[in-house]
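[1] This is the structure alone, sequence omitted:
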């Protein structure tokens, strides 16, 4: 399965394990890379020191190419009045767990746009791939990473975002459909037409001069083959790897993906302040999304509420990010999953060729 993705990175398979913050681990990413695909981890939710530790841990586990992900969201100015409205709206839910919400919210995730320390780490460690979510970094950061030999990927949820990525010098675009689990990569959450994966992928492969990676709702080889048939250079899978034993998902998360709740996923902004798809839960049903604080301030409160609920044995306020095809999940070790995906993809391509 030779594509622009495999040729450029020396991969055996046109598969990327999505860098889902909170579940990706160096062990998971290394297993995927060692199996011939592209393993990924995100350092978006940690500081530069911890980010470098994670990258070095990953590099000690594999000599193969790896992908390190960062968030490029426009920093949200503090808004104490808006935060207060959101805090007060959730106060009754906290009270139901014999807890009180924090009285102020913190900017718990620093954007790569302002995190020069994290740029310095990437320039020192020089991972094969650096990927961006929520937007694009400044031109000088793109130039510095390219000069360091890093191949750059960026999520795009619309053709307009993909065009901006290509103009900025990004090497490959990840076409993230609305079916995808986790946070929408949309540059402006207020302007999201919610393209599905297949039409978005086809639009981008016809228009762009750079390779396109399909992402969203892809869980098996048949989905990968469909993406390749549309002209994609590969497929990025996130939810498919959450149930691997190497991931950081807790037992409640794994149980949700293995049970009937996986059939109902939903895009909501109440947990973090930005739209993200996860298993529908009590938080999404009870909170008033119109009152949500900005990202990532809302996430500070969401994590506090989940901690209060979890202490009472209730996982209905946890972020269990998952795509629409979550019921297809398998709890295989990462190496076995990559092998199964490769075999299924070859079989699907063979079956398609027979039909033609």
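    Happy to help now that I have it. Every value quoted in this text rests on a predicted model; they were computed, and no experiment measured them. Numbers count the residues shown, from 1 in each chain.
[2] make it CA atoms for all contacts and neighbour counts henceforth
    OK.
[3] quick one: the strands in the chain?
    Here the chain has its strands, by DSSP state E, at 15-17, 39-42, 66-71, 129-133, 151-156, 172-176, 182-183, 212-215, 234-237, 265-268, 276-279.
[4] out of the ones you listed, deepest packed?
    The highest mean neighbour count among the strands of the chain, using mean count of other C-alpha atoms under 10 Å, belongs to strand 212-215: a mean of 32.
[5] So for stretch 307-315, mean pLDDT?
    Averaging pLDDT along stretch 307-315 gives 97.
[6] can you pull the buried residues of it?
    Buried residues in stretch 307-315, counting neighbours by 16 or more other C-alpha atoms under 10 Å, are found at 307-309, 315.
[7] again, but for stretch 133-148
    133-137, 141-142, 145-146, 148.
[8] now the end-to-end length of it.
    In stretch 133-148, first residue to last residue: 20 Å (C-alpha to C-alpha, to the nearest Å).
[9] what's the spacing between it and its chain's center?
    In terms of C-alpha atoms, centre = their mean, to the nearest Å, the centre of stretch 133-148 is set 19 Å apart from its chain centre.
[10] what does stretch 118-138 give?
    So, by C-alpha atoms, centre = their mean, the centroid of stretch 118-138 is 15 Å from its chain's centroid.
[11] Need the residues that contact it.
    Stretch 118-138 is contacted from outside by 9, 47-48, 51-52, 55-56, 65-74, 112-113, 141, 144-145, 148-155, 165, 184-188, using C-alpha atoms under 8 Å, 6 or more residues apart in numbering.
[12] and the gap between the spatially closest residue to residue 48 that is not a sequence neighbour and residue 224?
    Nearest residue to residue 48 in three dimensions, chain neighbours excluded: residue 118, at 4.7 Å (C-alpha to C-alpha, 6 or more residues apart in numbering). The gap separating residue 118 from residue 224 is 32 Å, by C-alpha to C-alpha.
[13] So for these two, which residue has more residues nearby?
    residue 224 (28 against 24; other C-alpha atoms under 10 Å).
[14] who touches that one in this structure?
    Taking C-alpha under 8 Å, 6+ apart, one finds 218, 234-235, 345 in contact with residue 224.
[15] Next: residue 282.
    With contacts defined as C-alpha under 8 Å, 6+ apart, the neighbours of residue 282 are 316-317.
[16] Quick check: end-to-end length of stretch 181-198?
    Criterion C-alpha to C-alpha; first-to-last residue distance in stretch 181-198 is 15 Å.
[17] Let me see the mean pLDDT of it.
    97.
[18] circling back: pull up the gap between the residue nearest to residue 48 and residue 154, please.
    Separation of residue 118 from residue 154 (C-alpha to C-alpha): 17 Å.
[19] Same check on residue 60?
    26 Å.
[20] Kindly report the same for residue 269.
    Applying C-alpha to C-alpha to residue 269 and residue 154 gives a distance of 21 Å.
[21] Let me know whether residue 292 touches residue 88 as I believe.
    No: Residue 292 is beyond contact range of residue 88, at 10.9 Å (criterion: C-alpha atoms under 8 Å).
[22] which of the two has more neighbours?
    Looking at residue 292 and residue 88 with other C-alpha under 10 Å, you find the greater number of neighbours at residue 292, namely 24 against 14.
[23] Break down this structure into its helices, ranges please.
    For the chain, the helices defined by DSSP state H cover 4-9, 26-34, 48-61, 80-96, 116-125, 139-147, 159-168, 197-207, 221-229, 239-242, 251-258, 282-286, 297-311, 334-355.
[24] between those helices, which gets nearest to residue 106?
    Nearest to residue 106, of all the helices of the chain, is helix 297-311, at 5.5 Å by C-alpha to C-alpha.
[25] could you dump the helices of the chain to a markdown table with distance to residue 102?
    As requested, these are arranged in a markdown table below (distance: least, C-alpha to C-alpha, whole Å):
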| stretch | distance to residue 102 |
| --- | --- |
| helix 4-9 | 45 |
| helix 26-34 | 32 |
| helix 48-61 | 25 |
| helix 80-96 | 8 |
| helix 116-125 | 28 |
| helix 139-147 | 35 |
| helix 159-168 | 36 |
| helix 197-207 | 38 |
| helix 221-229 | 43 |
| helix 239-242 | 30 |
| helix 251-258 | 25 |
| helix 282-286 | 17 |
| helix 297-311 | 7 |
| helix 334-355 | 38 |
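[26] Check those for me and report the most buried one.
    helix 239-242 (a mean of 30).
[27] Please list the outside residues in contact with that helix.
    17, 23-24, 181, 218-220, 247-249, 254, 321-323, 326, 328-330, 334, 337.
[28] and the angle from the helix or strand of the chain with the lowest mean pLDDT to helix 221-229?
    Here the helix or strand of the chain ranked lowest by mean pLDDT, DSSP states H and E is helix 334-355, holding a mean of 94. Using axes from the mean of the first three to the mean of the last three C-alpha atoms, to 10 degrees, the inter-axis angle of helix 334-355 relative to helix 221-229 is 60 degrees.
[29] you'd agree residue 211 is up against residue 173?
    Yes: counting by C-alpha under 8 Å, residue 173 is a contact partner of residue 211 at 6.5 Å.
[30] still on that earlier bit, from residue 332, how far off is the residue nearest to residue 48?
    Plainly put, residue 118 is 33 Å away from residue 332 if you go by C-alpha to C-alpha.
[31] Could you point out which residue ranges in the stretch 51-200 of the chain have low pLDDT?
    By pLDDT under 70, the stretch 51-200 of the chain has no low-scoring segment.
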